[in-house]
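Visitor: predicted structure and sequence below. I'll ask about it afterward.
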Amino acid sequence: MKKSWIAAGSAALLLLCTSCAPLATLLPSLPSEGQPVGRRADWPSPPVLGTHEEPVQTTEEPEAPEEPDLPGELVWTTEPILSRKELPDYHNGLELPVQGATGYTSVSIPLWKTVEDSAEAKARYDEWMRKKEEEAKRRAEEEKRKQEEAEAQRAREAEEARLREEAARRQADAAVDVTTAGQAPVLGGDPLAPLQEPPEADAAAGPDGGAEPTAPEALPEPPPEPEPEPEPAPDEEDGPNLHDGALSMLPAGTPFTVLQESGGWWKVRCEADYTEDGAAQHGEVIGWVEHRTCMINLPDVIPSIIYDATNGYSSKFVSCGKPLAGITGQQLYPGKEQNPRLGEPEFMMPVLYQMAYRLCAAQRAALAEGNCLVLYEGYRPLDVQLKVSGVLRNMIRDDSEVRAGVTSAPWSISWFIATSASNHQQGYAVDVSLARVDGVEECACGDYRFVRMREYRLYEMPTAIHELSRAAATFTTPVASHSPTAWKSAQLAPSMNDPAKGLQGYCTDAELSPLASEWWHFNDLTARSSVLGQLGSGGFTITRCRSIAP
């Protein structure tokens, strides 16, 4: 009996060990190193125990599994994360050569068959201007001579008049002396008696019986002033101008492909009305333009920047967090277009060519610290600017909160949206934010390599982009927007956090100037100075990308 019990017990123990062995295979597997850990709700359900085991009864709550580590809130950091290979190349100050990029005219400019043709036209114009200046100088000297002669004549006349007056005064004094010389003074008598007239003298004789004194000889009358000679009639014929002999005058906003760069000139291909061999034509034409007043499409030369032209698909303009009727959420101008140079759709975002170099410097500084510029807007059409400013004016009139947020001293509406052509229309302004880079893709463009930021996280900034109110102010008070140094002594607004300060550092180190009223807005005042007198007015919309590989 005892052996039988022992045998039965051994069998039961063997069965229990056999049934417990597979439990490890039924539990959820732990993530391997580097594998992301999901939330607890995503874990697989525990296995159902067999019926041969009774659950243990207990009053204690079962211990919950540990909460997995999740990515924390993004905080400002300058820790480098990109390898040398992941950083973009550098070609004469840009990430890709300008050859093959799309350019745009910001003002009307001539297209020349050769640069020499432009030099000849300028030489003719300069010679004509030199002759005009010499003629103007001759006329000015002649006018000055005539004025000096007229002043001398007036001085002579004044002196002659003075002499005549003096002679007449002496003659009158002499006549009085002669009349009273023959009268003896009357002594005594009534002092109140009227004076007696002296006896009449002989009309032919003087008071002493002599001859009548002769009057002084009259001075000669001054000769009449000569009539001024009539001014020669100005030359009514127009002289030469700086675009005589050009193939075409390209209107503002004309897109073209840059084929070659030489000094301050681009050889370009574009579609235009042009003249060749004296005949007017229309179609594709190749010529040269001076690039000082031209804009460049930024994605073509700095592809590593993150481009997000929200006004090209869903505008983010608000004021005090309130939407602008007919503006917020609307597409205000064309957005992405296929870019053959980059091999994918991309926004068209032009700025003056000179500004591209400073933005590239700011981007390289950001990438070196694991951060990246996020560009929201460069060129903005004037009609869009005026539409936004008109809606904001209506909100200021009707909404007291918006009125206080936009127009309270020392601010005004023009600090948040210009009411006429301004820096965005003239090509030397950008609206930009900042992101932390998480992933980079290497791409090819012809024989050149470039990188694009495919994974990133946006830093939290003082406000959302395009918040049109003093909440977005960079400084506590306005700062002269055309001064490259005035901002350096301005006091930062309390809302300027570390990412906003970091963005400002990248841009100002690249010689871009911050706008006092918008943390995201930076101007290139050096580029502006180079085109003074030829600033664009923004009367066009960018619709075409003509980019090709270098």
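Guide: Everything's here; your move.
Visitor: what segments of the stretch 201-350 of the chain are helices?
Guide: Remark: helices assigned in the stretch 201-350 of the chain by DSSP state H, counting those that start in this stretch are 298-301.
Visitor: then the chain?
Guide: Counting by DSSP state H, the segments of the chain that form helices are 2-20, 23-26, 115-180, 298-301, 353-368, 382-398, 400-407, 423-426, 498-509, 525-530.
Visitor: once you drop chain neighbours, what's closest to the most centrally placed residue in the chain?
Guide: By Cα atoms, centre = their mean, the mean C-alpha position of the chain lies nearest to residue 423, the distance being 2.9 Å. The shortest distance from residue 423 to any non-neighbouring residue, by Cβ to Cβ, 6 or more residues apart in numbering, is to residue 429 (3.7 Å). Just so you know, the C-beta spots here come from the backbone N, C-alpha and C atoms, and that holds for glycine as well.
Visitor: related to what we said a few turns ago, tell me which of the helices of the chain sits most buried.
Guide: helix 298-301 (a mean of 29; mean count of other Cβ atoms under 10 Å).
Visitor: can you list contacts of that one?
Guide: 94-98, 100-102, 305, 307, 339, 341-342, 346-351, 356, 359-360, 375, 378, 547 (Cβ atoms under 8 Å, 6 or more residues apart in numbering).
Visitor: 6 Å instead, please
Guide: Helix 298-301 has contacts (Cβ atoms under 6 Å, 6 or more residues apart in numbering) with 94, 96, 98, 101, 102, 307, 341, 346, 349, 356, 547.
Visitor: quick one: which of these sit in strands?
Guide: Of the contacts of helix 298-301, the ones assigned to strands by DSSP state E are 102, 307, 346.
Visitor: any idea which helix or strand of the protein has the worst average confidence?
Guide: In the chain, no helix or strand scores lower on mean pLDDT, DSSP states H and E than helix 23-26, which sits at a mean of 36.
Visitor: which residues of the stretch 201-350 of the chain score low on pLDDT?
Guide: Low-confidence segments of the stretch 201-350 of the chain (pLDDT under 70): 201-237.
Visitor: one more pass at 80, please.
Guide: Scanning the stretch 201-350 of the chain for pLDDT under 80 picks out 201-241.
Visitor: what separation do you get for the residue nearest to the centre of the chain and residue 513?
Guide: 10 Å (Cβ to Cβ, to the nearest Å).
Visitor: who touches both of these two?
Guide: Joint contacts of residue 423 and residue 513 (Cβ under 6 Å, 6+ apart) are residue 523.
Visitor: residues touching residue 110, list them.
Guide: Applying Cβ under 6 Å, 6+ apart, the residues near residue 110 are 243, 246, 249.
Visitor: buried ones among these?
Guide: Burial by neighbour count, judged by 16 or more other Cβ atoms under 10 Å, picks out 243, 246 from the contacts of residue 110.
Visitor: in a markdown table: the helices of the chain, plus distance to residue 483.
Guide: Putting the helices of the chain into a markdown table (distance: least, Cβ to Cβ, whole Å) gives the following:
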| stretch | distance to residue 483 |
| --- | --- |
| helix 2-20 | 81 |
| helix 23-26 | 73 |
| helix 115-180 | 33 |
| helix 298-301 | 25 |
| helix 353-368 | 17 |
| helix 382-398 | 23 |
| helix 400-407 | 23 |
| helix 423-426 | 14 |
| helix 498-509 | 13 |
| helix 525-530 | 8 |
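Visitor: of those helices, which is nearest residue 543?
Guide: Closest to residue 543 of the helices of the chain is helix 382-398 (Cβ to Cβ; 13.5 Å).
Visitor: can you give me phi and psi for residue 543?
Guide: Torsion angles at residue 543 (phi, psi; degrees, to the nearest 10) stand at phi -130, psi -10.
Visitor: how many other residues sit next to the residue lying closest to it once chain neighbours are set aside?
Guide: Nearest non-adjacent residue to residue 543, counting by Cβ to Cβ, 6+ apart: residue 334, 5.2 Å away. Neighbourhood size, residue 334 [other Cβ atoms under 10 Å]: 16.
Visitor: same check, this time on residue 87
Guide: Residue 87 - counted by other Cβ under 10 Å - has 16 other residues nearby.
Visitor: spatially nearest residue to it, not counting backbone neighbours?
Guide: residue 367 (5.9 Å).
Visitor: just the pLDDT for the one you found.
Guide: Residue 367 is assigned 98 on the pLDDT scale.
Visitor: look up how far residue 498 lies from it.
Guide: Applying Cβ to Cβ, the value for residue 367 to residue 498 is 18 Å.
Visitor: residues near residue 335, how many?
Guide: If you count neighbours by other Cβ under 10 Å, residue 335 ends up with 16.
Visitor: from what I can see it touches residue 313, true?
Guide: Yes - the criterion here is Cβ atoms under 6 Å, and residue 335 meets it with residue 313 at 4.6 Å.
Visitor: show me the shaky parts of the chain.
Guide: Scanning the chain for pLDDT under 80 picks out 1-72, 122-132, 175-241.
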